[in-house]
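Please work out how this folds:
(one chain, ligands or ions: 1)
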Amino acid sequence: MDPCDTPACQSAREIFHELEEYYDEHNLYFQTIGSVLEAANLLDVPHRLKLILTQPKNEIMVHCPVKMDDGTWQLFKGYRVQHNNVLGPYKGGMRYHGEVKLDEVKTLALLMTMKCALARLPYGGAKGALKIDPRAVSKDELERVTRRLTAALGNNIGPDYDIPAPDMGTNSQIMAWMADTYINFAESSNKVTARGVVTGKPLEFGGSAGREKATGQGLVYVLDAMLPGMKMDLSELSCSLIGYGNVGSWTGRLLQARGTRLKAVMDHTGAIRNAHGIDAEKLALYVAQTGGVKGYTEADAIDEPDFYSTPVDLFIPAALEQMVDLEHAERLQCKVLVEAANAPTTPRAERHLLAKGIEVLPAILCNAGGVTVSYFEWKQNRQSETWDEELVDERLRTVMTRSAQRVLDTAARLNCNMRMASYAAAIEHIDKVYEMRGVFP
Ligand code: GLU
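Alright, predicted model coming up:
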């Protein structure tokens, strides 16, 4: 592999040397902070801001012993990384995944700081994870480990301090157990507001209308704002998706409702294609029953290279990080890569795509719908209000449209690509707040 001499790698290397931190140029955190620092270097921001952003404020690691249904004990490793809270309480999802590592959680926490800042939400950035395969344990085991994790995190989370939410492998049921556990520990005078400790709760227990579909809905609103400038219209386009979980399946269904044809889908079970279109609603029901797209009869089974080389207008990764590498990027025949997942495109793949004239719409813009409706949920909890779905959608559209415009304006002003512009627009906001607040002491 070539030695990395891009501005992003150079920027990250310099700061890691200064902090006397070990680094590996192929590491996801190194790559992501490198891009953020490259964007910071387009701006006139103080060096101290770059130092602060390079490391998370807190990296919490806990180990949870849990009795399994068969009477044996297992120890599960949990993480909560709190990257920055200058804009407000730490905010970000809890991921349950069998392969999760600290650097991945750090990366996702950094991206939450950027995401909330770009959307101008009054939140900082955090992310948590539990090293567990949620599909491999029973519902009772999942409940026990979730309650134990919540107790272990203790006062490191709270409605005014750090507010978890769903992410890959977690859902509204898990958020309900987290909230219930936290409420049991809360002072009796704080029990009502205590449920605001997590967002993405079930509707009946303080959740918000529109939260489940929010990431997909936000992405559609971003496309509504971005595509006219590229002379494209959703009703005339085709797309393919990686991942058909919450984000992928909602994106597929909401795009279909706008007339976009879903041509191909790949997930952890396999890949399928139908040039005439895959019914996104039917596929969602099938995946809910079977756990994956494999075996869906109204499309052909294809292999991974065929999936990547399927010609489409919008290519939408909605699964794990670093899924689209250079080899995949070389196969892609799309006009726009829309990042629904966090950090799905490697820097080498992105450079290749941009050189080929393929636009890349960055994750911190495209997938901010989830945390935005989380903010609406938190706000409703604090005010004991219940908004209907129309109001949530209308306010979500406003936030996403403004963010998209902010990215377009910044790209024009700094003459840079969309990812640099999205980070720069976030960093400028964080910088202003640090200037006003100062750095304690
Ligand atoms: N996990 C989602 C994300 O990565 C949502 C976070 C939240 O709602 O706090 O943006």
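
For the ligand, what's its nearest residue on the stretch 301-441 of the chain.
Ser374 (3.2 Å; C-beta to the nearest ligand atom). All C-beta atoms are positioned from the backbone trio N, CA, C, and that covers glycine.

check which helix or strand covers that residue.
Secondary structure assignment for Ser374, by DSSP states H and E: helix 369-383.

Check Asp24 too.
Using DSSP H and E, no helix or strand contains Asp24.

backbone phi and psi for it, please?
Phi and psi for Asp24, reported as degrees, to the nearest 10, are phi -140, psi 120.

can you give me the offset of stretch 275-290 from its chain's centre?
Distance of stretch 275-290 from its chain centroid, counting by C-alpha atoms, centre = their mean, to the nearest Å, is 23 Å.

quick one: buried residues of stretch 177-197?
177-182, 186, 193-197 (16 or more other C-beta atoms under 10 Å).

Repeat that for stretch 355-366.
Buried residues in stretch 355-366 (16+ other C-beta under 10 Å): 358-366.

go on, stretch 100-111?
For stretch 100-111, using 16+ other C-beta under 10 Å, the buried residues are 100-101, 104-111.

would you turn those into TSV with distance to the ligand and pLDDT?
Converted to TSV, the buried residues of stretch 100-111 look like this (distance: C-beta to the nearest ligand atom, whole Å; pLDDT from 0 to 100):
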residue	distance to the ligand	pLDDT
Val100	13	96
Lys101	17	96
Glu104	12	96
Val105	11	98
Lys106	14	98
Thr107	11	97
Leu108	7	98
Ala109	10	98
Leu110	12	98
Leu111	7	98
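
Narrow those residues to those in strands?
If you go by DSSP state E, the buried residues of stretch 100-111 have nothing in strands.

quick one: which of these is nearest to Asp162?
Distance to Asp162 across the buried residues of stretch 100-111 (C-beta to C-beta) is lowest for Ala109, with 10.5 Å.

now the closest one: how far from Thr215?
According to C-beta to C-beta, to the nearest Å, Ala109 and Thr215 sit 18 Å apart.

about what we covered before: what angle separates the next helix or strand after the helix holding Ser374 from helix 369-383?
Sequence order places helix 389-414 as the next helix or strand after helix 369-383, per DSSP H and E. Angle, helix 389-414 to helix 369-383, by axes from the mean of the first three to the mean of the last three C-alpha atoms, to 10 degrees: 130 degrees.

what separates helix 389-414 from the chain centre, distance-wise?
Put simply, helix 389-414 sits 17 Å off its chain's centre (C-alpha atoms, centre = their mean).

Going by contacts, tell me the helices and strands next to that helix.
If contacts are counted by 3 or more C-beta pairs under 8 Å, 6 or more residues apart in numbering; DSSP states H and E, helix 389-414 sits against helix 102-118, helix 214-226, helix 363-366, helix 369-383, helix 418-437.

What's opposite the closest residue to the ligand within the stretch 1-150 of the chain in the beta bridge?
In the stretch 1-150 of the chain, no residue comes nearer to the ligand than Gly93, which is 2.7 Å away by C-beta to the nearest ligand atom. Counting by DSSP bridges, Gly93 is bridged to Ala165.

Contacts only, for it.
Each residue near Gly93 by C-beta atoms under 8 Å, 6 or more residues apart in numbering is listed here: 108, 127-128, 164-168, 170, 200, 370.

which of the residues you listed has the weakest pLDDT?
The pLDDT minimum for these sits at Met168, where the score is 93.

Secondary structure class of that one, three-state.
Classification of Met168 using DSSP: H, G, I helix; E, B strand; the rest coil returns coil.

Equivalent analysis for Lys263, please.
Put simply, Lys263 is strand when judged by three-state DSSP.

Excluding residues flanking it in the chain, which one is nearest it?
Ser238 (4.9 Å; C-beta to C-beta, 6 or more residues apart in numbering).

Give the buried residues for the helix holding Ser374.
369-381.

got the contacts of Gly93 as JSON lines, with distance to Ile316 columns?
Listed next are those as JSON lines, based on distance: C-beta to C-beta, whole Å:
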{"residue": "Leu108", "distance to Ile316": "19"}
{"residue": "Lys127", "distance to Ile316": "22"}
{"residue": "Gly128", "distance to Ile316": "25"}
{"residue": "Pro164", "distance to Ile316": "26"}
{"residue": "Ala165", "distance to Ile316": "21"}
{"residue": "Pro166", "distance to Ile316": "19"}
{"residue": "Asp167", "distance to Ile316": "18"}
{"residue": "Met168", "distance to Ile316": "16"}
{"residue": "Thr170", "distance to Ile316": "21"}
{"residue": "Gly200", "distance to Ile316": "21"}
{"residue": "Gly370", "distance to Ile316": "15"}
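
nearest to His83, of those?
Using C-beta to C-beta, Lys127 is the member of the contacts of Gly93 that lies nearest His83, at 7.8 Å.

Now that closest one. Its backbone dihedrals?
With angles defined as degrees, to the nearest 10, Lys127 sits at phi -160, psi 150.

Which residues lie in contact with it in this structure?
With C-beta under 8 Å, 6+ apart, Lys127 has these contacts: 79-81, 83, 92-95, 105-106, 108-109, 111-112, 167.

can you pull up the bridge partners for it?
Note on Lys127: beta-bridge partners Val81, judged by DSSP bridges.

My read is that the residue nearest to Lys263 contacts Leu314, right?
Yes. Contact criterion C-beta atoms under 8 Å: Ser238 and Leu314 qualify, at 7.4 Å.

Those two: which has the busier surroundings?
Leu314 (26 against 18; other C-beta atoms under 10 Å).

From the structure, what's the count of residues near the spatially closest residue to that one that is not a sequence neighbour?
By the measure of C-beta to C-beta, 6+ apart, the closest residue to Leu314 outside its immediate chain neighbours is Cys239, 4.0 Å from it. When counting by other C-beta under 10 Å, one arrives at 25 neighbours for Cys239.

so what does whichever strand or helix holds Cys239 touch, helix or strand wise?
Per DSSP H and E, Cys239 falls inside strand 238-242. Applying 3+ C-beta pairs under 8 Å, 6+ apart, one finds that strand 238-242 contacts helix 246-257, strand 261-267, strand 314-317.
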